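Undergrad: what follows is a protein structure lacking sequence information:
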């Protein structure tokens, strides 16, 4: 998706048709697509330092390949020489989409040089490498349909043209990992100026408020922050996004509303912008900028506004002179053609969208025209910070925040708290996930060799447990500061991650990482509709639905219910059936309810039955293995239980007049998300890497090694075999790394591990079922029926043993 600032600010303030040549020169000299000079990438940062030796020994296969591109080969060369993630340094005045387009073009040209093309792909490559021109050199007419993007490049969070710093790119399958960077933790350094506020909340906007700032006492702004700001603006806070942002209100982007409004009247007060909850982990004020921030190209807001005014005046004068020479004059048509963003340096003029220059706007500093686009790499130093020291009314703000946080809004709100107004005048992203400013490839290093080399190093460092201080969220809501994930970021088949992208290998999670995880978890289904309403439909003549507790963090939403037969008898075997101990394991919940509906009445005459269909309702709604406190409920059925779910169930079982439970069947399942999300998260919480294991394809049982009752287990396997297939052992004779003692049966120390089947009761017969709903040989319905078959098989064995 195009950045809204790119769409809105394209030369909105430049008035005259006669200065098109000047604009074209200013745009093309910026150097996109050329070998422009610039500062080299730094050598600091964990990724660069750790890979210094590997770089010197890495050879690139991209060199000297074009000569063989037409030769006949059995297999075509690969489209990518490496796939994954890299960090680049977004230069000042570039859009994030400019960077994506440029890098994509570099890789496409490299692919062509290596012969990765055929007749079917010629149009695609010609369109990207030759500026959308056909073989005859003429620009092809846009047909309204986009060809399939073969070379996938995307970014993980937009930076404004007047912001610089770390921009994470995904190449190939690496694009599937970018959502975590959009929603995850980032660090910024912003410059703040007290005393005025603009409608955009940054230096490009029109000044709409001024206020005295001198009462902000003292030269040490850090002390003022400690006493008045830090505690109020850290942790979970609510903020109103800027008027110029991509948030939707009544189905329309805010920036569209702002763009269509009267610029002299709209300040945001007449637009109902909903507040959003965001996370700010740390916040501090400083009186100087670090050298890395200066080198990154921090825009100097006041200098930018002065230079923008000068550029406008110069261009206006040039346009007037040009019109005078051509005999047009300046009174007839004071408009200028808008200039589009293009891609990778291919700047295109867009006709028909005319912008009028207003002297009142100019005098008021209304530079909502993407003036940064007029500053090329020769003139951009004129708008950059040169000195690190800052004095009030200016100071630097260092922020470590979660996804969706608007730094501009944070600056505005801090100004209000200080009793004045404030505007963000510059922004540098210094860290995104594990990537820091020193890791980012500078513009001069954006070659195919360097890009692929960086991807390989990043992939290798993930495998080598490189210690970074990354904190990345993989789930969650909200947009990154100033935008969203690049629209052309195409999907690819995900691969199991070796380390869950929250936390740091070798370091257990702290409350920061725990908060990140929880903030990204969303409700995906209804506990009430799928569980409680189904229980209400049970036959009241047969069943009592008993509320035995609730989850304390939301008692009304998450009541805990059990179902027991009314004709409870002292001489009957007592049977416990539990489902949803891990809330994401759907067939356990559905299977327990299906048993009650299909077979419960029959067995209620023969045994005492207690069914707990959903032990963990929060996890069920959020489709998670953990509960809301990041605890594994199926490791907490032991003395001193650490979870509300297990404590409530154990207390309820203790309250029942049951001398001895005869049988306990605990219903579980294993899904592909165990290997791609839940198990990596579980290991990452402990600071460990996760090596993905093969998921057993089929049904199996995990029984207590201290009370195996193998004949009982065999009876269940026999019953289930009529419904679905039994999981075979691997080549080592194991299932999930545990030796198979009988067909589909493994032994685990259930009591020691705190498993529900081992710790909830002291039943004579216990077992844990496991089905695999992602098997190509199974469906959700088959898995539900397999759980029912397991219960029936267990009951039939218990009844036959009881009657002997």
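TA: Sure thing, it's come through. Here the structure is a predicted model, which means the values were calculated and not measured.

Undergrad: hey, let's count contacts and neighbours off CA atoms from now on
TA: OK.

Undergrad: just for the stretch 101-250 of the chain, where's the confidence low?
TA: Scanning the stretch 101-250 of the chain with the threshold set as pLDDT under 70 gives 117-149, 180-184, 217-219.

Undergrad: quick check: neighbours of the host helix or strand of residue 197 in the sheet, parallel or antiparallel?
TA: Take DSSP states H and E as the rule and residue 197 turns out to sit in strand 196-198. Here strand 196-198 is paired, per DSSP bridges, with strand 207-210 (antiparallel).

Undergrad: can you pull the contacts of residue 401?
TA: 185, 186, 187, 279, 280, 281, 282 (C-alpha atoms under 8 Å, 6 or more residues apart in numbering).

Undergrad: quick one on the thing from earlier: chain center to the strand holding residue 197: distance?
TA: Relative to its chain's centre, strand 196-198 lies at 32 Å (C-alpha atoms, centre = their mean, to the nearest Å).

Undergrad: what's in contact with it?
TA: Contact with strand 196-198 is made by 204, 205, 206, 207, 208, 209, 210, 211, 412, 421, 422, 423, as judged by C-alpha under 8 Å, 6+ apart.

Undergrad: just the buried ones from those residues, in PyMOL syntax?
TA: This is the PyMOL syntax for the buried subset of the contacts of strand 196-198, where burial follows 16 or more other C-alpha atoms under 10 Å:
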select buried, resi 204+205+206+207+208+412+421+422+423
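
Undergrad: and of the contacts of strand 196-198, the nearest to residue 243?
TA: Closest approach to residue 243 among the contacts of strand 196-198 (C-alpha to C-alpha): residue 205, at 11.0 Å.

Undergrad: so the closest one is in which element?
TA: Residue 205 is part of no helix or strand, with elements assigned from DSSP H and E.

Undergrad: what does residue 667 show for phi and psi?
TA: phi -100, psi 120 (degrees, to the nearest 10).

Undergrad: picking up where we left off before, of the contacts of residue 401, which pair is most distant in space?
TA: Across those (C-alpha to C-alpha), the longest gap, 12.2 Å, separates 187 and 279.

Undergrad: out of the contacts of strand 196-198, who's nearest residue 641?
TA: Using C-alpha to C-alpha, those come closest to residue 641 at residue 412, 46.1 Å.

Undergrad: for that closest one, helix, strand, or coil?
TA: Under DSSP: H, G, I helix; E, B strand; the rest coil, the three-state class of residue 412 is helix.

Undergrad: looking at this protein, which helix or strand is least sure?
TA: Ranked by mean pLDDT, DSSP states H and E, the helix or strand of the chain with the weakest confidence is strand 335-339, at a mean of 26.

Undergrad: for residue 249, name its beta-bridge partners.
TA: residue 252.

Undergrad: hang on, isn't it packed against residue 273?
TA: Yes - at 6.9 Å, residue 249 and residue 273 qualify as touching, with contact defined as C-alpha atoms under 8 Å.

Undergrad: who's more crowded, these two?
TA: Taking neighbours as other C-alpha atoms under 10 Å, residue 249 and residue 273 compare with residue 273 leading, 18 against 13.

Undergrad: quick one: secondary structure of that one?
TA: Here residue 273 takes the coil state, with states given by three-state DSSP.

Undergrad: could you measure from it over to residue 177?
TA: As defined by C-alpha to C-alpha, to the nearest Å, residue 273 lies at a distance of 31 Å from residue 177.

Undergrad: show the subsequent helix or strand relative to the helix or strand hosting residue 682.
TA: Using DSSP H and E, residue 682 maps to helix 679-685. Per DSSP H and E, the first helix or strand lying C-terminal to helix 679-685 is strand 700-704.

Undergrad: just the strands in the stretch 101-250 of the chain please.
TA: Taking DSSP state E, counting those that start in this stretch to define them, one finds strands in the stretch 101-250 of the chain at 153-155, 163-171, 186-194, 196-198, 207-210, 235-239, 248-249.

Undergrad: I'd like these as JSON lines, with distance to residue 534 appended.
TA: What follows is those, written out as JSON lines (distance: least, C-alpha to C-alpha, whole Å):
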{"stretch": "strand 153-155", "distance to residue 534": "44"}
{"stretch": "strand 163-171", "distance to residue 534": "45"}
{"stretch": "strand 186-194", "distance to residue 534": "44"}
{"stretch": "strand 196-198", "distance to residue 534": "55"}
{"stretch": "strand 207-210", "distance to residue 534": "57"}
{"stretch": "strand 235-239", "distance to residue 534": "36"}
{"stretch": "strand 248-249", "distance to residue 534": "37"}
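
Undergrad: give me whichever of these is most buried.
TA: Ranked by mean neighbour count, the strands of the stretch 101-250 of the chain are led by strand 153-155 with a mean of 30 (mean count of other C-alpha atoms under 10 Å).

Undergrad: ok, it: who's next to it in the sheet?
TA: Partner strands and pairing direction for strand 153-155 (DSSP bridges) are strand 163-171 (antiparallel).

Undergrad: and which of the contacts of residue 401 is nearest residue 428?
TA: Distance to residue 428 across the contacts of residue 401 (C-alpha to C-alpha) is lowest for residue 187, with 8.7 Å.
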